[in-house]
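In: Show me the folded form of this:
(chains A and B)
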Amino acid sequence: MNKIKTTAFERLKWLIVAALIIIIYIWSINGIPFTGIQKSASSVSTAIFKGIIHPEWSYVYNGSGEDLVSQLVITLAIAFLGTIISAFLSVPLAFLAAQTTKNFFHPRSTIGKVILTAIRAFPEVVLAILFIKMVGPGSFAGVLAIGVHSVGMLGKLFSEAIEEMDRSAETAIIAAGGTKIQTFRIATLPTILPALMSYTLYRFEISVRSASILGLVGAGGIGTPMMFALQTRDWSKTGIILLGIVVMVIVIDTCSSAIRKRLG
Amino acid sequence: MKPEVPQQSFVSRFHVVGIAITLVILILMYYSAIITGVDVNAFFENADQFGVVLGQMKHPDWPYLTKITGTLAQTLQMAILGTTIGTIFALPFSFLAARNIVKNPVGRWLIRLILSLIRTLPTLLLAALFVAVFGIGPMTGVITLAFFSFGMIAKLFYDIIETIDMGPVRALRATGATMLQTIRVAIIPQIAGQFMSDFMYTLEINVRSSTVLGYLGAGGIGLYLQQTLDQFDYPRTAVIILAIFAVVLVIDAISNYVRKRLQ
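Out: Now for the predicted structure:
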């Protein structure tokens, strides 16, 4: 039987890669000070766990507007409105960024892509803080933060959908003498609309998760009572809020993926 | 056969479904706007405020860069360690959750349920929780990222394991190999490349999220982000954001290169 021969060069290459990986790990482990774990860690985690098993049911709904259900509804409203705003903002940017011709140099598409990347560069939390400075703390700042941040990702997904779309319907309308607006209305839009709706729903799923953390910095939603419960060490309340978020996210994910399957 | 003009039903002729969906969305938008207290006036009155902030960010305080490089490196270290620890814990679970390895549906379902429960919680929320449990510091960041990576990697891995060719596995089983021997000889060579690729992808996500973890006290550059934002020191915030952006771009490029080489 012949043994597969490895050249000395190949073996050297593997050695170098292995050495590099080891160096990266040594560097990483040295960079993190192992401070040990707080003495209260186990008692706190059992307390949170107990809170999840014995939640403060009275907090679920009491009609005051500060309860779990109303806060979850606010969170959903933030995510929904933010996603709708970003869907509308994304469409023109996506058309700007889509590279529809095969030219090597493509200034329009490059400009669009740079704008979208720049928007993605701002972490959501930073945007939320900037908007809080602008419109004051509360849900509206959260809506604006999600609305602007989502444009980065939605615009990218939309522009990819536009790049990959089937152009035969467009060609047919142009051949029949349709104007640019007619082509867009009758051919382009109906062709890509299902993809755009599917991506928007997908983004809504992500926005629900984001909206539940924006409250940690003061931009409304379930994060605000969560932060308050953590700071006052009210573990049973923390437990019920965590449970509420998990249930909300699972319900939204299930509904949304069912609708996305129907959209195809 | 009589030629017939195609007939449209009432529902499709007047776009009943489309109009109904549009109406529902509009009503939802209206109530969402009321609930979240949308104030268009406040937005346009203070629009210049946002311009002022962006204007200050136009002149980044570059010397500040030397102060943050250490923390920026720590952010990367947190992401690398967190992803690795999460992956080590995820490996056995991904085999237990794969349909073609474990035939017991109840155990598989239970493991998958736990994994999907972990994945529902956003990283920053986990960070807030773990800061309360484990205290402030980069250790907490590593634990948070490891926890998140565990849920994500286990899911990505069992999806890969389910797609493997079972031929070699059956051949080894027939010769009387043990479970561990089968995994080592018949399964791992088939999936190693995909595993590495998904590991790099998770690392990319973790580098992104590790940059804001410090905001809640879980170590890394996020702490400086919070300080400069609280002090309205936007030229410095701009440096931090640009530095984060550069690191994310570099990591994405490296990861994309490695993933392409693996395929």
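
In: Just the closest residue of the stretch 101-250 of chain A to chain B, please.
Out: Using CB to the nearest CB, A:S139 is the residue of the stretch 101-250 of chain A that sits closest to chain B, at 3.7 Å. The way it works is simple: take the backbone N, C-alpha and C, and place the C-beta from them, glycine included.

In: ok, that residue - contacts?
Out: A:74, A:77-78, A:219-221, B:35-37 (CB atoms under 8 Å, 6 or more residues apart in numbering or on different chains).

In: ranking the residues you listed by neighbours, who comes first?
Out: Neighbour tally across the contacts of A:S139 (other CB atoms under 10 Å in any protein chain shown): the maximum, 34 neighbours, falls on A:I78.

In: related to what we said a few turns ago, kindly indicate which of the contacts of A:S139 lies nearest B:G222.
Out: Nearest to B:G222 out of the contacts of A:S139 is A:A219 (CB to CB; 16.2 Å).

In: Verify the contact between that closest one and A:G138 for me.
Out: Yes. In this structure, A:A219 is within contact of A:G138 by CB atoms under 8 Å, at 7.3 Å.

In: Between which two of the contacts of A:S139 is the distance greatest?
Out: A:A219 and B:I35 (14.1 Å).

In: the helices in chain A, which residues?
Out: Assigned by DSSP state H, chain A shows helices spanning A:8-31, A:41-53, A:68-97, A:107-121, A:124-135, A:139-164, A:168-175, A:180-183, A:189-214, A:223-231, A:235-263.

In: Next, format those helices as TSV and append distance to B:L54.
Out: Converted to TSV, those look like this (distance: least, CB to CB, whole Å):
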stretch	distance to B:L54
helix A:8-31	33
helix A:41-53	40
helix A:68-97	17
helix A:107-121	11
helix A:124-135	9
helix A:139-164	12
helix A:168-175	38
helix A:180-183	34
helix A:189-214	20
helix A:223-231	25
helix A:235-263	33
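
In: do you know which of the ones you listed lies nearest B:L91?
Out: helix A:8-31 (17.0 Å).

In: what about that closest one, distance to the chain center?
Out: How far helix A:8-31 lies from its chain's middle: 34 Å, per CA atoms, centre = their mean, to the nearest Å.

In: ok so, going back, excluding chain neighbours, what is closest to the residue of the stretch 101-250 of chain A closest to chain B?
Out: A:G220 (3.2 Å; CB to CB, 6 or more residues apart in numbering or on different chains).

In: do the same with A:I24
Out: Nearest in space to A:I24, with sequence neighbours left out and distances taken as CB to CB, 6+ apart, is B:I80 at 6.6 Å.

In: What's the separation between that neighbour and A:I186?
Out: 52 Å (CB to CB, to the nearest Å).

In: again with B:S209
Out: Taking CB to CB, one finds B:S209 at 43 Å from A:I186.

In: So for the two, which residue has more residues nearby?
Out: B:S209 (22 against 16).

In: Return the set of buried residues in the host helix or strand of that one.
Out: If you go by DSSP states H and E, B:S209 is part of helix B:188-213. Residues of helix B:188-213 classed as buried by neighbour count (16 or more other CB atoms under 10 Å in any protein chain shown): B:190-191, B:194-195, B:197-213.

In: How about stretch A:50-69?
Out: In stretch A:50-69, counting by 16+ other CB under 10 Å, buried: A:51-52, A:55-56, A:59, A:67-68.

In: can you name the two of the residues you listed that are farthest apart?
Out: A:I52 and A:D67 (17.7 Å).

In: which among the buried residues of helix B:188-213 are in contact with chain A?
Out: B:208, B:211-212 (CB under 8 Å from any CB of the partner chain).

In: Mind putting the helices of chain A into CSV with mean pLDDT?
Out: Formatted as CSV, these follow (pLDDT from 0 to 100):
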stretch, mean pLDDT
helix A:8-31, 86
helix A:41-53, 80
helix A:68-97, 92
helix A:107-121, 85
helix A:124-135, 85
helix A:139-164, 90
helix A:168-175, 89
helix A:180-183, 88
helix A:189-214, 91
helix A:223-231, 87
helix A:235-263, 88
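
In: Geometrically speaking, which residue is the centre of the chain?
Out: No chain specified, so I'll use chain A. A centroid search over chain A (CA atoms, centre = their mean) returns A:I206, at 4.0 Å, as the residue closest to the centre.

In: meant chain B, my bad for not saying
Out: B:I205 (4.8 Å).

In: Check which helix or strand the nearest residue to that one once chain neighbours are set aside maps to.
Out: Closest residue to B:I205 apart from its sequence neighbours, by CB to CB, 6+ apart: B:M152 at 7.4 Å. Per DSSP H and E, B:M152 falls inside helix B:138-161.

In: what angle separates that helix from helix B:188-213?
Out: 150 degrees (axes from the mean of the first three to the mean of the last three CA atoms, to 10 degrees).

In: what distance separates the very next helix or strand once past helix B:138-161 from the centre of its chain?
Out: Downstream of helix B:138-161, the first helix or strand assigned by DSSP H and E is helix B:167-174. Remark: helix B:167-174 is offset 36 Å from the chain centroid, using CA atoms, centre = their mean.

In: Okay, buried residues for helix B:167-174 please.
Out: In helix B:167-174, counting by 16+ other CB under 10 Å, buried: B:169, B:172.

In: what helices or strands is it leaning on?
Out: helix B:179-182 (3 or more CB pairs under 8 Å, 6 or more residues apart in numbering or on different chains; DSSP states H and E).

In: Go ahead and measure how far the helix it packs on is from the middle of the chain.
Out: 32 Å.

In: CA-only coordinates of stretch A:83-99 in CSV, if you can.
Out: C-alpha atoms of stretch A:83-99 as CSV (Å, rounded to 0.1, in the frame of the first residue of the first chain):
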residue,chain,number,x,y,z
THR,A,83,-38.9,47.1,11.5
ILE,A,84,-41.6,48.8,9.4
ILE,A,85,-39.6,52.1,9.4
SER,A,86,-36.4,50.4,8.4
ALA,A,87,-38.2,48.3,5.7
PHE,A,88,-39.3,51.5,4.0
LEU,A,89,-35.9,53.2,4.4
SER,A,90,-34.1,50.1,3.1
VAL,A,91,-35.8,49.9,-0.3
PRO,A,92,-34.3,53.0,-1.9
LEU,A,93,-30.9,52.2,-0.3
ALA,A,94,-31.1,48.7,-1.6
PHE,A,95,-31.8,49.8,-5.1
LEU,A,96,-28.8,52.2,-4.8
ALA,A,97,-26.5,49.4,-3.5
ALA,A,98,-27.6,46.6,-5.9
GLN,A,99,-25.0,45.9,-8.6
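
In: For that stretch, buried residues please.
Out: Of the residues in stretch A:83-99, those buried (16+ other CB under 10 Å) are A:83-87, A:89-91, A:93-99.

In: Just the closest of these to A:P225, please.
Out: A:T83 (22.7 Å).

In: Return the distance of the closest one relative to A:Y199.
Out: 10 Å.

In: what does B:N46 give?
Out: 31 Å.

In: Enumerate the residues of the stretch 151-263 of chain B near chain A.
Out: B:208, B:211-212, B:215-216, B:219, B:225, B:229, B:237, B:241-242, B:244-245, B:248.

In: which two from the residues you listed end up farthest apart in space?
Out: Checking these with CB to CB, the most distant pair is B:L216 and B:L242, at 22.3 Å.

In: Out of the helices of chain A, which is closest to B:L145?
Out: Once these are compared by CB to CB, helix A:8-31 is nearest, at 11.8 Å.

In: Packing partners of that closest one?
Out: Looks like helix A:8-31 contacts helix B:65-96 (3+ CB pairs under 8 Å, 6+ apart).

In: immediately after the helix it packs on, which helix or strand?
Out: In N-to-C order, the element after helix B:65-96 by DSSP H and E is helix B:105-120.

In: quick check: angle from that following helix to helix B:138-161?
Out: Put simply, helix B:105-120 runs at 130 degrees to helix B:138-161, going by the same axes, to 10 degrees.

In: Who's the closest spatial neighbour of residue 31, skipping the chain neighbours?
Out: I went with chain A, as the question did not name one. That would be B:Q77: by CB to CB, 6+ apart, it lies 3.8 Å from A:G31.

In: wait, chain B
Out: A:A77 is the one closest to B:Y31 (CB to CB, 6+ apart), at 7.2 Å.
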